[in-house]
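*Asks:* coords please:
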Amino acid sequence: MTPADALDRIRRYDARLKAFVQVFDPPLIGEDDDGPTVAIKDLMDIKGVPTGGGARVPLDPGPAHHALVVERLLQAGWSVVGKTHTVELAYGGWGTNRAVGAPWNPWDARTHRAPGGSSSGSAVAVAAGLCDAALGSDTGGSVRIPAAICGVVGLKPGRGLVSLKGVHPLSPALDTVGALARDVATAARVLAVISGPDHDAAVRGPFDAEAALADDVAGRRLAAIPPAALGELDPEVERLYLESLERLRDAGLTVETVAPPQALEESFTPNGLLMAGEGWRIWGERIRAHADVMDPWIVRRFEAGRDVTDERLAAIHRQRAASQREFHAWLARYDGLLSPTCPIPAPPLDSIDETTSPLSRLTRAANYLDLPGISVPCGLTSGGLPVGLQILGQPADEASVVALGAAFERLSGWNGRSPDLSGFAA
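*Replies:* Numbering: from 1, shown residues only. A predicted model of the protein is given here:
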């Protein structure tokens, strides 16, 4: 999509969708004037443009430099068309934002449904075809959750593949930057562009997208978590998940239904404590100063981190290291681990209980255990809402995650399916 085409679509649809907090007209043009278009989550710095972070008071009113991931996209010929909405300070899975507003899930023009968070605007922009791809951050599922319930691909690398320079943190122990796109190939190519070492951190890579996409997955052995070991699932999510497993088996892959040594939910609480504890240490002073203009639910989540002592944080890190050793040893016998991405489809915004976080119940494990993962669309519910299949890989094996995601995409028949946007047109 050319930058001009992207801007035309944004002008036509985004007044209601509200994917963008700022549109660049003209766009920030990369090395190629007609290169593909990308949107940037408003947690990542763009030189001279306020980094809002989903807040009324910007995190940085005028960054001096692009985030390294943005710089690399521009150098590779991508054109940046704008910055997208995020949950305030990236701390939430629903995609709600009482400070500056929440985007509209494009699969339902009549009911304002959750877009998923925290990379809410990035997923909406991609699903609605307002750009070719978008960047998001993922600390407990914030790329994969909105991808799943907006019907797009969300690719989260393991830690150390993509530089976090110029990306405002939530939890340094868990944060990653990933890509959202309409298909696996585009997401993988974005990851290839933004990956690789920087001058200030020991970052691995770069990622070879073309090799991963060309990889033959015939004969791969996958573990699929049985529904009984996944907690409460929406019946249609369960149906689409089981149908996905059969598609993979029919294509000749070995898919074993087996429960891992730790349920994915076991990572939920310690992952949350790391987010709260580290997040409070980073943002506590800001919250004290600006709580009155912040989303009150975000304030509550951060304030829970005040009670996480240094000793408790150290214990969580020790527990995490032990959990990783156990889980990685078990996963070594498989090429991937399958589950639904989210246990429910997108609910109406006015029905959400902010004291719960069901959308991240099956995604936080990838961050806690430091595994790469991808969410790929696996079908629609009878009500026309998308559902995602999550594929987790062995540590630092983004290549297998991409190869398996691309293989499933070919089997699924999804092929870039799009929502009906007629109800959103200006």
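
*Asks:* these two touch, right, residue 53 and residue 168?
*Replies:* Yes. The pair residue 53 and residue 168 qualifies as a contact (C-beta atoms under 8 Å) at a distance of 5.8 Å. For glycine as for every other residue, the C-beta is placed from the backbone atoms N, C-alpha and C.

*Asks:* any residues in contact with both of those two?
*Replies:* With contacts taken as C-beta atoms under 8 Å, 6 or more residues apart in numbering, residue 53 and residue 168 have 43, 59, 89, 90 as neighbours in common.

*Asks:* which of these has the most neighbours?
*Replies:* Per-residue neighbour counts (other C-beta atoms under 10 Å) across the shared contacts of residue 53 and residue 168 peak at residue 43, which has 31 neighbours.

*Asks:* ranges for the strands of the stretch 1-150 of the chain?
*Replies:* 20-28, 37-41, 79-84, 133-138 (DSSP state E, counting those that start in this stretch).

*Asks:* Tabulate the CA atom coordinates of the last one in CSV.
*Replies:* Output in CSV follows, covering the C-alpha atoms of strand 133-138 (Å, rounded to 0.1, in the frame of the first residue of the first chain):
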residue,chain,number,x,y,z
ALA,A,133,2.0,-3.4,9.4
ALA,A,134,2.4,-1.9,12.8
LEU,A,135,4.7,-2.1,15.8
GLY,A,136,3.6,-3.1,19.2
SER,A,137,5.1,-3.9,22.5
ASP,A,138,4.4,-7.2,24.4
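
*Asks:* what angle do it and strand 37-41 make?
*Replies:* With axes from the mean of the first three to the mean of the last three C-alpha atoms, to 10 degrees defining the directions, strand 133-138 sits at 20 degrees from strand 37-41.

*Asks:* What helices and strands are in contact with strand 133-138?
*Replies:* strand 37-41, helix 68-75, helix 120-127, strand 153-156, strand 176-181, helix 184-194 (3 or more C-beta pairs under 8 Å, 6 or more residues apart in numbering; DSSP states H and E).

*Asks:* now the first one
*Replies:* Counting by 3+ C-beta pairs under 8 Å, 6+ apart, the packing neighbours recorded for strand 20-28 are helix 3-17, strand 79-84, helix 120-127.

*Asks:* Pick out the residue closest to the middle of the protein.
*Replies:* The centroid of the chain falls nearest to residue 143 when counting by C-alpha atoms, centre = their mean (0.2 Å).

*Asks:* these two touch, right, it and residue 181?
*Replies:* No. In this structure, residue 143 is not within contact of residue 181 by C-beta under 8 Å, at 10.8 Å.

*Asks:* anything in contact with each of those two?
*Replies:* Counting by C-beta under 8 Å, 6+ apart, the residues touching both residue 143 and residue 181 are residue 155.

*Asks:* Can you give me the buried ones in stretch 114-125?
*Replies:* Within stretch 114-125, the residues that count as buried by 16 or more other C-beta atoms under 10 Å are 114, 115, 116, 117, 118, 119, 120, 121, 122, 123, 124, 125.

*Asks:* and what of stretch 231-247?
*Replies:* 233, 234, 236, 237, 238, 239, 240, 241, 244, 245, 247.

*Asks:* same thing with stretch 263-282?
*Replies:* 263-264, 266-268, 270-282.

*Asks:* Tabulate the strands of the stretch 1-150 of the chain (a markdown table), appending distance to residue 386.
*Replies:* Putting these into a markdown table (distance: least, C-beta to C-beta, whole Å) gives the following:
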| stretch | distance to residue 386 |
| --- | --- |
| strand 20-28 | 21 |
| strand 37-41 | 19 |
| strand 79-84 | 19 |
| strand 133-138 | 16 |
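
*Asks:* For those strands, could you give me JSON lines that also reports mean pLDDT, distance to residue 98 and mean neighbour count?
*Replies:* Below are these laid out as JSON lines (pLDDT from 0 to 100; distance: least, C-beta to C-beta, whole Å; neighbours: other C-beta atoms under 10 Å):
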{"stretch": "strand 20-28", "mean pLDDT": "97", "distance to residue 98": "15", "mean neighbour count": "18"}
{"stretch": "strand 37-41", "mean pLDDT": "98", "distance to residue 98": "19", "mean neighbour count": "31"}
{"stretch": "strand 79-84", "mean pLDDT": "98", "distance to residue 98": "18", "mean neighbour count": "28"}
{"stretch": "strand 133-138", "mean pLDDT": "98", "distance to residue 98": "20", "mean neighbour count": "30"}
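
*Asks:* For residue 211, find the nearest of those.
*Replies:* Of all these, strand 133-138 sits nearest to residue 211, with 19.6 Å by C-beta to C-beta.

*Asks:* Note down every partner strand of that closest one and its orientation.
*Replies:* Applying DSSP bridges, strand 133-138 is found paired with strand 37-41 (parallel), strand 176-181 (antiparallel).

*Asks:* Adding distance to residue 258, write those strands out as a markdown table.
*Replies:* Listed next are these as a markdown table, based on distance: least, C-beta to C-beta, whole Å:
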| stretch | distance to residue 258 |
| --- | --- |
| strand 37-41 | 35 |
| strand 176-181 | 26 |
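
*Asks:* quick one, which of the ones you listed is nearest to residue 131?
*Replies:* strand 37-41 (4.3 Å).

*Asks:* need the contact list for residue 269.
*Replies:* No contacts exist for residue 269 under C-beta under 8 Å, 6+ apart.

*Asks:* quick one: it from residue 172, how far?
*Replies:* With distances taken as C-beta to C-beta, to the nearest Å, residue 269 is found 19 Å from residue 172.

*Asks:* And residue 122, how close does it get to residue 86?
*Replies:* 8 Å.

*Asks:* Show me whatever sits in contact with both of the two.
*Replies:* Counting by C-beta under 8 Å, 6+ apart, the residues touching both residue 122 and residue 86 are residue 41.

*Asks:* re earlier: quickly compare the helices and strands packed on strand 133-138 and say which is most buried.
*Replies:* helix 120-127 (a mean of 35; mean count of other C-beta atoms under 10 Å).

*Asks:* Who are the packing partners of that helix?
*Replies:* By 3+ C-beta pairs under 8 Å, 6+ apart, helix 120-127 packs against helix 3-17, strand 20-28, strand 37-41, strand 79-84, strand 133-138, helix 144-150, strand 176-181.

*Asks:* any idea how far that helix is from the chain center?
*Replies:* From the chain centre to the centre of helix 120-127 is a distance of 10 Å (C-alpha atoms, centre = their mean, to the nearest Å).

*Asks:* tell me the phi and psi of the closest residue to residue 408 other than its chain neighbours?
*Replies:* In space, and not counting its chain neighbours, residue 408 is closest to residue 376: 5.5 Å by C-beta to C-beta, 6 or more residues apart in numbering. Dihedral angles of residue 376 (phi, psi; degrees, to the nearest 10) stand at phi -120, psi 140.
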